[in-house]
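Engineer: using only what follows, build the 3D model:
(one chain, ligands or ions: 2)
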Amino acid sequence: KHLPYFCRGEVVRGFGRGSKELGIPTANFSEEVVESFPSDISTGIYYGWACVGSGNVHKMVLSIGWNPYYKNVKKSVETHIIHTFKEDFYGEVLSIIIVGYIRPEKNFDSLEALIAAIQNDIEEAKRALDLPEHQKWKDDNFFHPAN
Ligand code: ADP
Ligand code: MG
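Structural biologist: Ligands and ions are numbered 1, 2, ... in the order given. Purely as a prediction, here's the structure:
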């Protein structure tokens, strides 16, 4: 019910869950940005569009989950941009539009199962975002504010 959801904020260091080691780096938003999310937004995996600084707009998958660093009482919001970046972009401003929901959070029996699930999420996000009703958000003025 909260979708599409527009959000902009600085990329901060996460708590080193090793996303990058899995080949799936996730850009974390600061606590303040996470606090500004609707408190009743469902945890789980979402998809949408993302843009770093004034760069190009790319497809993304996003997880809203319970943050183990804060004993699972606070949420974390992490964006995996479906694009290969030359360098990390900690400290830069990440703008996102969340347009759809994929699935709830799950626990997996193995790392392989987790990675396979994320790969599925990425494929589903790519397909869904090609639909005209989702494609239109890519060109939204939110990403290219007129000065
Ligand atoms: P952390 O625990 O600090 O969030 P990650 O292993 O999740 O570390 O890596 C996230 C960082 O990787 C981002 O903050 C960003 O600087 C960088 N990065 C590089 N490519 C991507 C990408 N395609 N999507 C998201 N972050 C990326
Ligand atoms: Mg991360």
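Engineer: helices or strands up against the helix or strand containing residue 119?
Structural biologist: In the assignment (DSSP states H and E), residue 119 maps to helix 111-129. Judged by 3 or more C-beta pairs under 8 Å, 6 or more residues apart in numbering; DSSP states H and E, helix 111-129 is in contact with strand 44-52, strand 57-66, strand 93-103. All C-beta spots, glycine's among them, are computed from the backbone N, C-alpha and C.
Engineer: the ones you listed: which one's closest to ligand 2?
Structural biologist: Nearest of those to ligand 2, taken as C-beta to the ion: strand 57-66 at 9.3 Å.
Engineer: what packs against the next helix or strand after the closest one?
Structural biologist: Following strand 57-66 in sequence order, the next helix or strand is strand 75-81 (DSSP H and E). Judged by 3+ C-beta pairs under 8 Å, 6+ apart, strand 75-81 is in contact with strand 27-29, helix 31-35, strand 44-52, strand 57-66.
Engineer: once you drop chain neighbours, what's closest to the residue in the chain that ligand 1 sits nearest to?
Structural biologist: Closest to ligand 1 within the chain is residue 14: 2.5 Å, counting by C-beta to the nearest ligand atom. Leaving out its chain neighbours, the residue that sits closest to residue 14 by C-beta to C-beta, 6 or more residues apart in numbering is residue 28, at 4.1 Å.
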